[in-house]
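Engineer: Would you be able to build a 3D model of this:
(one chain, ligands or ions: 1)
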Amino acid sequence: MTADKQNSAPNVLPVGELPTRRLGFGSMQLTGPGHWGAPDNPQQAMQVLRDAVDAGVTHIDTADAYGPFTAEKYIRKALHPYPEGLVIATKGGLTRQGPGKWAPCGRPEYLRQCVEMSLRRLQVERIDLYYLHRIDPAVPMEDQLAVLSDMQAEGKIHHIGLSKVDIGHVRKAGELIDVAAVQNKYNVSNRVFEEVLRHCEIAEIAFVPYAPLATGKLTEPGGVLDELATKYSATPAQLALAWLLHRSPVMMPIPGTSCSTHLHENLVAVQIDLTREDVTAIGLAINDNPAPSPV
Ligand SMILES: NC(=O)c1ccc[n+]([C@@H]2O[C@H](COP(=O)([O-])OP(=O)(O)OC[C@H]3O[C@@H](n4cnc5c(N)ncnc54)[C@H](OP(=O)(O)O)[C@@H]3O)[C@@H](O)[C@H]2O)c1
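Structural biologist: Take a look at the predicted model:
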């Protein structure tokens, strides 16, 4: 058995043309219960953001809907003026009705307001990467993308991304706009969107898996990640993230945490060189949604 290393992909990828470190940070956990309102300790939330940037993170993911507005405000308070090279990705098109409640709204006039308000909250003149958070089935997709494309032409959005989309959406959107990134749920235990990932590889679109730790489940002890932990002197969380980085060269995970200890633990994942055999073993052992791919 050869033990050749599988992760030959660089740790920096272009989002559009913006060079971005592959392991980013997701800010949804910097909010209150049900992602509603402020967390218990806002100072700690802002410290996590500063620690992320100090540790070299160059990709911060957020959305107007986190709080709503809370995560974007913390990003500005903690990080503005932003260091050169920091890519802040935000989203619009999901409204909030209370803790744990989300509903899409893709009316063009509302999306325009979302972008304008994110610009104001983040205190930027242009948003690096702006995702349509959900495609609203009640509004033609063309109309939702057209307003973002208009705002890109106006210089208010640099790159456009899609979130929680199927392969049909990605293909159709690709005929209408330049899609810089796709953000879908994907982790070693949930690989429903393999086909979208394959499309992103071929089209050279950044694939940003949300819930890369299965919202914390993959950090729990037990199973193959625990078995391999000693071999790699790593934690299950680090192995789950390292697996993603090995899985595809366009993969840009955004693990979320409200705690600087977890942040630093997670960032070590880029240094872990899994063998091809272990990438396969992890992939075969953990997959709640079997998909055609062996890894
Ligand atoms: N596009 C979308 O529709 C969408 C949907 C969901 C999420 N997202 C984005 O994706 C990001 C990541 O997803 P997520 O935050 O839902 O899930 P995740 O990154 O899979 O997991 C976050 C959970 O894992 C825990 N955790 C993180 N690192 C840990 C570690 N080293 N050890 C133990 N526990 C750890 C966190 O708790 P602690 O706070 O205690 O560390 C939190 O409960 C979000 O922050 C958000 O930016 C996007």
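Engineer: Quick one: distance of whatever helix or strand Gln44 lives in to the chain centre.
Structural biologist: If you go by DSSP states H and E, Gln44 is part of helix 42-54. Its chain's C-alpha centre and that of helix 42-54 lie 18 Å apart, by Cα atoms, centre = their mean, to the nearest Å.
Engineer: contacts for it?
Structural biologist: 25, 27, 30, 39, 60, 74-75, 77-79, 83, 86, 257-260, 263-264 (Cβ atoms under 8 Å, 6 or more residues apart in numbering). C-beta: built from backbone N, CA, C; applies to glycine.
Engineer: I'd assumed Ala203 was in contact with Gly174.
Structural biologist: Yes - Gly174 lies in contact with Ala203 (Cβ atoms under 8 Å); the separation is 6.7 Å.
Engineer: Narrow the contacts of helix 42-54 to those in strands?
Structural biologist: Here DSSP state E is the test, and those give Phe25, Ile60 as lying in strands.
Engineer: Only whichever of the contacts of helix 42-54 are buried, select them in PyMOL.
Structural biologist: Only the buried members of the contacts of helix 42-54 enter the following PyMOL selection, criterion being 16 or more other Cβ atoms under 10 Å:
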select buried, resi 25+27+30+39+60+74+75+78+79+86+257+258+260+263
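Engineer: Inside helices: which ones of the contacts of helix 42-54?
Structural biologist: Counting by DSSP state H, the part of these found in helices is Tyr74, Ile75, Lys77, Ala78, Leu79, Ser260, Leu263, His264.
Engineer: what's the spacing between the second one and Ile88?
Structural biologist: Here the criterion is Cβ to Cβ, to the nearest Å. By it, Ile75 lies 6 Å from Ile88.
Engineer: returning to what we had before: the ligand: which of the ones in helices among the contacts of helix 42-54 is nearest?
Structural biologist: The shortest approach to the ligand among those belongs to Leu263, at 7.5 Å (Cβ to the nearest ligand atom).
Engineer: How about that closest one: what's its closest non-neighbour residue?
Structural biologist: Nearest residue to Leu263, sequence neighbours excluded (Cβ to Cβ, 6 or more residues apart in numbering): Thr257, at 5.3 Å.
Engineer: now that neighbour: how far from Thr275?
Structural biologist: Distance, Thr257 to Thr275, by Cβ to Cβ: 27 Å.
Engineer: what do you get for Thr230?
Structural biologist: Distance from Thr230 to Thr275, by Cβ to Cβ: 15 Å.
Engineer: and the two? which has more neighbours close in?
Structural biologist: Neighbours were counted for Thr230 and for Thr275 using other Cβ atoms under 10 Å; Thr275 has more, 19 against 8.
Engineer: For the more buried one, report the pLDDT, please.
Structural biologist: pLDDT, Thr275: 96.
Engineer: what sits opposite it in the beta ladder?
Structural biologist: Thr275 forms beta bridges with Lys5, as assigned by DSSP bridges.
Engineer: Please apply the same query to Arg96.
Structural biologist: Beta bridges link Arg96 to Trp102, judged by DSSP bridges.
Engineer: Please list the residues of the chain that sit near the ligand.
Structural biologist: Within the chain, the positions near the ligand by Cβ under 6 Å from any ligand atom are 26-29, 61, 163-164, 183, 210-216, 219, 237, 254-259, 262, 265-266.
Engineer: hmm, which of those are the buried ones?
Structural biologist: Applying 16+ other Cβ under 10 Å to the residues of the chain next to the ligand flags 26-29, 61, 163-164, 183, 210-214, 219, 237, 254-258, 262, 265-266 as buried.
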